[in-house]
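*Asks:* Curious how this folds, go ahead:
(one chain, ligands or ions: 1)
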Amino acid sequence: MFRVVGLLGRSFSPYSSSLGAQKILYPLFSYCPQSPFPHHLSPFGRTGMATAAYAPEPKLLFRQLFECESSTYTYLLADISHPDKPAVLIDPVDVTVDRDLNLIRELGLKLVYAMNTHVHADHITGTGLLKSKVPHVKSVLAKAGGGRADILIGPGDKISFGDLFLEVRATPGHTLGCVTYVTGDGPSQPQPRMAFTGDALLVRGCGRTDFQNGSSEQLYHSVHSQIFTLPKNTLLYPGHDYKGYTVSTVGEELQYNTRLTKDVETFKSIMANLNLARPNKMDIAVPANLVCGLQDLLP
Ligand SMILES: [Fe+2]
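*Replies:* Coordinates of the predicted model:
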């Protein structure tokens, strides 16, 4: 079922096919009564839809979904030009799994991967529940995170769904096992590129670095070497937002990120003095997330 190719890393794909087109659909769908932004609104306008101007056919279907208790974004991506409409979910949350599956059903998609950017401390991942409800789904997590998953990935690996793929970039620092998933670079891949940064980079901020083997110095170098080196028009989708932001770009964060535009020593000082409380669910969430969020698997 999976193929292993290339010098940069392994390539995971439940399908193989070769047709391509380049238009992206960018609707935003938030599902939260207390959501800081209106339903069906996106940065692209009232209808929540926008398309790359020069591309001939839609290929990537994209939804940004929100879980309000932990302010977590879950991302749904699918190749709708492929006959099976294969889809992936990035950072699903246990309490919104039914919403996500309902949307996937309504859109006629086939979920193939449930992926996490890291082992979360503030919510329980939905990957285990998704696997129990949709048996063929594979969970994906970075090997460096030390958790359990069907597919343990590392830097340079590619996760394919239809003719689209996500490239894995290691961005440790918030946790040791953090990765950023970046849409592919190539003529049949979405333009501009899109990066799903988890908690390595938030809009105008970043994730904390004071637990789970975090390191502010490592995070600084991860973001500068793996995210800020992407094209400036790359769309950045964070793992959380607490102020109502939904998306940014590399160019925007290079100019306006309140922490990562500083020099490394200033950044380390900022991160060392945040004085944040422990996440409420940390003692439950971290052990559960090491086993796909399935608490009944805990010893
Ligand atoms: Fe996190």
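
*Asks:* anything in the helix or strand where residue 288 lies near the ion?
*Replies:* For residue 288, the host element (DSSP states H and E) is helix 282-289. No. Using CB under 5 Å from the ion, no contact is recorded between helix 282-289 and the ion, whose separation bottoms out at 9.3 Å. Where you see a C-beta, it was placed from the backbone N, CA and C, and this is true even at glycine.

*Asks:* So which bits of the protein are right by the ion?
*Replies:* Counting by CB under 5 Å from the ion, the residues of the chain that sit close to the ion are 120, 199.

*Asks:* And the strands in the chain, which stretches?
*Replies:* Ranges of strands within the chain are 11-12, 23-25, 58-67, 72-79, 86-90, 110-115, 138-142, 151-153, 158-161, 164-170, 179-183, 194-198, 235-238, 248-249, based on DSSP state E.

*Asks:* weakest of those strands by average pLDDT?
*Replies:* When the strands of the chain are compared by mean pLDDT, strand 23-25 comes last with a mean of 52.

*Asks:* What is the neighbour count of residue 229?
*Replies:* By other CB atoms under 10 Å, 11 other residues sit near residue 229.

*Asks:* how about the helix holding residue 288 as PDB, C-alpha atoms only?
*Replies:* This file holds the C-alpha atoms of helix 282-289, laid out as PDB (Å, rounded to 0.1, in the frame of the first residue of the first chain):
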ATOM      1  CA  MET A 282      -1.800  18.200  30.400                       C
ATOM      2  CA  ASP A 283      -1.700  15.200  32.800                       C
ATOM      3  CA  ILE A 284      -4.400  13.500  30.900                       C
ATOM      4  CA  ALA A 285      -3.700  14.700  27.400                       C
ATOM      5  CA  VAL A 286       0.000  13.900  27.100                       C
ATOM      6  CA  PRO A 287      -0.100  10.200  28.100                       C
ATOM      7  CA  ALA A 288      -3.300   9.700  26.000                       C
ATOM      8  CA  ASN A 289      -1.700  11.400  23.000                       C
END
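
*Asks:* If anything else comes up later, I'll come back, but that's it for now.
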